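Chemist: Whatever this is, show me its structure:
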Amino acid sequence: MEFIETAIYAVMVRTYFYFEDMGRTNSFERFPYLKTLTERLTEEALDAWEHGAEIQESRYWELLKSIGGREKVDPVVHTALDLCLAASCVSEFAFYLKYHTDNTATLQLAFELEGISFPSYKEISDRMLQLQKICRIDWQRSPLSYATLEADHRLLAYLLVDEKSNSEPLRLPAFGNGEWFLCQEPLHPMFVHQELANECAEWLQEGLSPAVLQIAGKGGRRFLTKHIARLLGQNLFLMSAEKCREFFTETAEEQKGELIRELFWQDGILCLHGLQTEMFAKWQASEEDFWKNVVSPLLDTGIWILLCTEEHFSFDYSRLIGKKVDLKPLSREERQLVFEGFASMYGLSIDCVRYSVRYRLSAGEIASAVGLWRQEGTGTEQDFTRISTQLLNSRNEKTLGSISYPTVELADLKVPDEIQQTLEQICCSAIYGYRIFDEWGLKQQYPYGRAVTVMLTGPPGTGKTMTANGIANELGLPLYQVDLSRVMDKYIGETEKHLEQIFSFAEKTNAVLFFDEADALFGRRGEVTEGKDRYANMEVAYILQRIEQFEGIVILSTNFYKNIDKAFLRRMKYVLKYQIPNKTIRQGIWESCLPSEQFREEVDTDYLAAQFEFSGGMIKNVVLSACVIAVHKGKPLDMEHLLQAIRAEYEKMEWPVAAGMWGEYEYLMI
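Modeler: Numbers count the residues shown, from 1 in each chain. Have a look, this model is predicted:
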């Protein structure tokens, strides 16, 4: 007979004699098949069983030691395992127990077979913690010692196969399947935080009992847990913390047991990622409830837990078993190391210094962006910019503006030379600012206020929006034009939350942040006469602080310079004041807006520039309207079409159309 078969028959015989002692004589009478099976249990079979060396036997004893966490096997747990195996493998024995005890395999029966009729709660609880690793338990039964024990299918597969089982980890549907990382799987090196991984693994190994390691912050948390698991030599199950809501439902014990058993069989530790304080409100639970219902049951069964949380989430570890480490945002030097690591690993040609300055991504975000970039195979920086921007933008639940990749060049701007020179300085500051702070050693003197901040002010149509587009194009960066109607919210705190989302996104992608008509948000703070005034001033104070912390590029434009709060003006490194262009610049704008010569007649741009003091935006509107008139008439664009469009522009602006204003082209307007 095989080892497990003999163990099953032996516990059947023990149960039979126990019932005999309890006055239930000849209990096999109604179950002749059990009598036939147990008669096979000869002294020779028992002797071979006690001195055998089968694979089943080695696994059996190894399992008993493993679930107890000690070298010495607990006899009650040993007997409970045998009862559970017998009831699962021999259905008639399960009926036999049901007939005589109104139950099947239970811990209470195991206690009684071992001569313990009235076990204490602690004795019951300690054994149940061991057995739940390999058995399904009816936790609703009271008293708990009478809960049904059912052998898990993984237990039967492990003990009854002839060869070693190397089954793949199970998918766990109740927990969103999750993700298994097996410690022997390929894993690229940590380009940063390797010392932190070593420190965390050492802390866990040195502990006398399983504990909780909390990794707070943003970027690279799950990757760090994989390296910790590898250092520990254990498999890792990564599960969204959102799925912990299952632990607060009626089926909590069933779901919890499934997770515990799979982690036990896979020699696994658990990573709960994405834990946020706001989840507790959804679950209608407190942090203490979370610890009691989720964390403690897993720790009690010997499972290490790695918690990946938001930055400000924390338990009171003074009374709990745990440790918190913080993942700080990567410095420019650390981002450079990550880019250099991926460049070396994939054989990519990357200007790692330039990329570390331009893309303030986390290590995980860099990994994702580089992976997608390699798949596309183009290898241009413009594509990397687009991919990283789209990657981050896809994670935002609410769109607060538009992302564009401008094609306007600064050379296309028709502005005075002094403004053009300032624009060149702005671009130089954005590209080489890191050298001033890092290489020239000014970082300590400027711990904040490193952003490239630009204020564009002037009448409508003078080129402010075009300038923002030109700067973004010159730097090869996306332009994030903020939609203030979506940012400003009547509910307290929501505006600040939206602004934080905007600045965080711009920091990571180094997108040029553009606030058009900024006086709506950056206007003067007023005297507090109502409650809403106080909160409006708080919003202004928040954004002042956020600009100080920002290290990217912020462009504000306004038609009402005097309405901007002076505190904002102090934080603007560059203020460009646009005016209605002079005649020379207007003529250049007219010429740049006209279609090619094959679609127009001779146009007197000198006359147009001298006669009409239009802004650049108005000139563009006039030319477009004139082109529509020409196409409608089926003719090339000529002066008559342009003058008709100018008259329409005057009427739109409610300007008087005076007699004789057309000068030498009066005859065209008769």
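Chemist: In the stretch 501-650 of the chain, where is pLDDT below threshold?
Modeler: Along the stretch 501-650 of the chain, segments meeting pLDDT under 70 span 522-539.
Chemist: so who does the spatially most central residue of the chain touch?
Modeler: The residue lying closest to the centre of the chain (CA atoms, centre = their mean) is Gly274, at 6.9 Å. Contact partners of Gly274, counting by CB atoms under 8 Å, 6 or more residues apart in numbering, are 240-242, 308. Backbone N, C-alpha and C define where each C-beta goes, glycine included.
Chemist: and it, that's in a strand?
Modeler: Yes. Applying DSSP: H, G, I helix; E, B strand; the rest coil, one finds Gly274 inside a strand.
Chemist: picking up where we left off before, and the contacts of Gly274, which of them are buried?
Modeler: 240-242, 308 (16 or more other CB atoms under 10 Å).
Chemist: rewinding a little: could you dump the contacts of Gly274 into CSV with distance to Tyr317, pLDDT and secondary structure added?
Modeler: Formatted as CSV, the contacts of Gly274 follow (distance: CB to CB, whole Å; pLDDT from 0 to 100; DSSP: H, G, I helix; E, B strand; the rest coil):
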residue, distance to Tyr317, pLDDT, secondary structure
Ser240, 23, 90, strand
Ala241, 18, 89, helix
Glu242, 23, 88, helix
Cys308, 16, 93, strand
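Chemist: so the residue lying closest to Glu664 once chain neighbours are set aside, which of the three states?
Modeler: Once flanking residues are discounted, Glu664 sits nearest to Tyr607: 7.1 Å by CB to CB, 6 or more residues apart in numbering. Classification of Tyr607 using three-state DSSP returns helix.
Chemist: ok, Tyr607 - how many residues close by?
Modeler: 18 (other CB atoms under 10 Å).
Chemist: ok so, going back, now for the contacts of Gly274, which pair is the farthest apart?
Modeler: Pairwise distances across those peak at 12.3 Å for Glu242 and Cys308 (criterion: CB to CB).
Chemist: doesn't Trp662 make contact with the residue nearest to Glu664?
Modeler: No. Taking contacts as CB atoms under 8 Å, Tyr607 lies outside contact range of Trp662: 9.7 Å.
Chemist: shaky segments in the chain?
Modeler: 1, 45-53, 161-177, 208, 377-379, 393-399, 439, 441-444, 446-449, 522-539.
Chemist: how long is stretch 39-57 end to end?
Modeler: One end of stretch 39-57 sits 22 Å from the other (CA to CA, to the nearest Å).
Chemist: quick one, what contacts the residue lying closest to Ala10 once chain neighbours are set aside?
Modeler: Residue nearest to Ala10 in three dimensions, not counting chain neighbours: Leu41, with 6.4 Å by CB to CB, 6+ apart. Counting by CB under 8 Å, 6+ apart, Leu41 makes contact with 6, 9-10, 13.
Chemist: which one among these gets closest to Tyr355?
Modeler: Thr6 (66.7 Å).
Chemist: buried stuff in the host helix or strand of the closest one?
Modeler: Using DSSP states H and E, Thr6 maps to helix 3-21. Of the residues in helix 3-21, 3-13, 15-16, 19 count as buried by neighbour count, 16+ other CB under 10 Å.
Chemist: Generate TSV for those, with distance to Leu259 as supplementary columns.
Modeler: Compiled in TSV, the buried residues of helix 3-21 are given as follows (distance: CB to CB, whole Å):
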residue	distance to Leu259
Phe3	30
Ile4	26
Glu5	31
Thr6	33
Ala7	28
Ile8	28
Tyr9	34
Ala10	33
Val11	29
Met12	32
Val13	36
Thr15	32
Tyr16	37
Phe19	37
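Chemist: Widest-spaced pair of those residues?
Modeler: Taking CB to CB as the measure, the buried residues of helix 3-21 have their most distant pair in Phe3 and Phe19, spaced 25.3 Å apart.
Chemist: which one is Leu109 nearest to, not counting chain neighbours?
Modeler: Using CB to CB, 6+ apart, the nearest residue to Leu109 is Leu83, at 6.2 Å.
Chemist: hang on, isn't that neighbour packed against Phe111?
Modeler: No. If you go by CB under 8 Å, Leu83 and Phe111 don't touch, sitting 10.9 Å apart.
Chemist: Could you check which of those two is surrounded by more residues?
Modeler: Leu83 (27 against 20).
Chemist: now that one: how far from Trp61?
Modeler: For Leu83, the distance to Trp61 equals 17 Å [CB to CB, to the nearest Å].
Chemist: Sketch out the strands for the stretch 1-150 of the chain, chain order is fine.
Modeler: Assigned by DSSP state E, counting those that start in this stretch, the stretch 1-150 of the chain shows strands spanning 135-137, 149-151.
Chemist: can you tell which of these is closest to Gly257?
Modeler: The closest of the strands of the stretch 1-150 of the chain to Gly257 is strand 135-137. By CB to CB, the value is 6.2 Å.
Chemist: Partner strands of that closest one and their direction?
Modeler: Strand 135-137 has its sheet partners listed here by DSSP bridges as strand 149-151 (antiparallel).
Chemist: quick one: contacts of the partner strand?
Modeler: Applying CB under 8 Å, 6+ apart, the set of residues contacting strand 149-151 from outside is 80, 83-85, 87-89, 104-107, 131, 134-137.
Chemist: of those, closest to Asn198?
Modeler: Ile134 (33.2 Å).
Chemist: Please list all residues in contact with Gly217.
Modeler: 311, 326-329.
Chemist: same thing but at 10 Å, please
Modeler: Gly217 is in contact with 224, 308-312, 325-329, 362, counting by CB atoms under 10 Å, 6 or more residues apart in numbering.
Chemist: Isn't Trp265 up against Leu155?
Modeler: Yes. Using CB atoms under 10 Å, Trp265 makes contact with Leu155 at a distance of 8.4 Å.
Chemist: quick one, which of those two is more surrounded?
Modeler: Higher neighbour count among Trp265 and Leu155: Leu155, with 22 against 19, using other CB under 10 Å.
Chemist: Distance-wise, check the more buried one relative to Trp139.
Modeler: To Trp139, Leu155 is 18 Å away according to CB to CB.
Chemist: Likewise for Met661?
Modeler: Counting by CB to CB, the gap from Met661 to Trp139 is 91 Å.
Chemist: what sits against the nearest residue to Ser388 once chain neighbours are set aside?
Modeler: Spatially, and ignoring its direct neighbours in sequence, Ser388 is nearest to Ala369 (4.3 Å; CB to CB, 6+ apart). For Ala369, the contact set (CB under 10 Å, 6+ apart) comprises 342, 355, 359, 361, 384-392, 508-509.
Chemist: can you confirm Ala369 is in a helix?
Modeler: Yes. The assignment for Ala369 is a helix, going by three-state DSSP.
Chemist: Could you tell me which residues touch both of Trp265 and Leu155?
Modeler: Jointly contacting Trp265 and Leu155 under the rule CB under 10 Å, 6+ apart are 133-134.
Chemist: about what we covered before: rebuild the contacts of Leu41 as CSV, extending it with distance to Arg571.
Modeler: Compiled in CSV, the contacts of Leu41 are given as follows (distance: CB to CB, whole Å):
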residue, distance to Arg571
Thr6, 82
Tyr9, 84
Ala10, 82
Val13, 86
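Chemist: would you list the buried ones among the contacts of Gly274 in a markdown table and tack on distance to Leu477?
Modeler: A markdown table is the format used below for the buried ones among the contacts of Gly274 (distance: CB to CB, whole Å):
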| residue | distance to Leu477 |
| --- | --- |
| Ser240 | 33 |
| Ala241 | 35 |
| Glu242 | 34 |
| Cys308 | 30 |
